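# model this:
(2 chains)
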Amino acid sequence: EAEVAQSPRYKITEKSQAVAFWCDPISGHATLYWYRQILGQGPELLVQFQDESVVDDSQLPKDRFSAERLKGVDSTLKIQPAELGDSAMYLCASSFSPSYEQYFGPGTRLTVT
Amino acid sequence: TQLLEQSPQFLSIQEGENLTVYCNSSSVFSSLQWYRQEPGEGPVLLVTVVTGGEVKKLKRLTFQFGDARKDSSLHITAAQPGDTGLYLCAVYSGNTGKLIFGQGTTLQVKP
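All right, here's what the predicted structure looks like:
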């Protein structure tokens, strides 16, 4: 069964360092989402791509976060510099198109010390 | 202010007990989804409800969409330890596919 792949699964970094997360969506899925989930809360959308274009990045802290999906397939989310408040689970999801079922990856657990 | 309010936030019960969790809002939705998320994993879609008053069953799980399409409930019969996890309700915002999640209900079922 096709799955959304994410790496790394866990990342510990010191504040002010740079960190990057990678996501490989299900093959053929044009829509890709990055969510942030604080422990015990629901996910919150950071950025949404349709193919290689950003559809929604209204909740992305653009002073320190960036996201790209250059070839419309896999995607990278970067934080520079990391802050203590960035400690969270970063989830990637993909769907065939907007409003179709979203399939989530296992996430990257980030701890900033 | 949360668009979707889930209650309770945390529930710890013994195996075999029944439980209900709620997802409430003052807004009307065309559809509502329920997800389960196990520790260290991403959410997995359980069900989508679309019609006011609709009831859907998934084995021991019963989902209901309110008549006014503003709220929903999830009832689990004879809970098992495998039901442990975070239960999230979610709705679409706009027509871009953006999902808005509630804060979730953490369920712990003890053997």
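# Can you say which helix or strand has the residue nearest to the spatial centre of chain A in it?
Per CA atoms, centre = their mean, the C-alpha nearest to the average position across chain A is that of A:Trp34, at 3.2 Å. Remark: A:Trp34 resides in strand A:31-37, with elements defined by DSSP states H and E.
# show me what contacts the residue nearest to the centre of chain A?
Counting by CB atoms under 8 Å, 6 or more residues apart in numbering or on different chains, A:Trp34 touches A:Cys23, A:Leu45, A:Leu46, A:Val47, A:Gln48, A:Ala67, A:Ser75, A:Leu77, A:Tyr90, A:Leu91, A:Cys92. Any C-beta I mention is one placed from the backbone N, CA and C, and that applies to glycine too.
# Reformat the residues you listed as a markdown table; add pLDDT and secondary structure.
Formatted as a markdown table, the contacts of A:Trp34 follow (pLDDT from 0 to 100; DSSP: H, G, I helix; E, B strand; the rest coil):
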| residue | pLDDT | secondary structure |
| --- | --- | --- |
| A:Cys23 | 98 | strand |
| A:Leu45 | 96 | strand |
| A:Leu46 | 97 | strand |
| A:Val47 | 97 | strand |
| A:Gln48 | 96 | strand |
| A:Ala67 | 98 | strand |
| A:Ser75 | 98 | strand |
| A:Leu77 | 98 | strand |
| A:Tyr90 | 98 | strand |
| A:Leu91 | 98 | strand |
| A:Cys92 | 98 | strand |
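# which stretches of the chain have low pLDDT?
Went with chain A since none was named. Within chain A, no range satisfies pLDDT under 70.
# Switch to chain B, please.
Ranges of chain B meeting pLDDT under 70: B:1.
# if you set the cut-off to 80 instead, what comes out?
For chain B, the stretches with pLDDT under 80 are B:1, B:95.
# Could you pick out the residues of it near chain A for me?
Contact residues (CB under 8 Å from any CB of the partner chain) of chain B with chain A: B:4, B:9, B:40-45, B:86, B:88, B:90, B:92, B:95-99, B:101-104, B:106.
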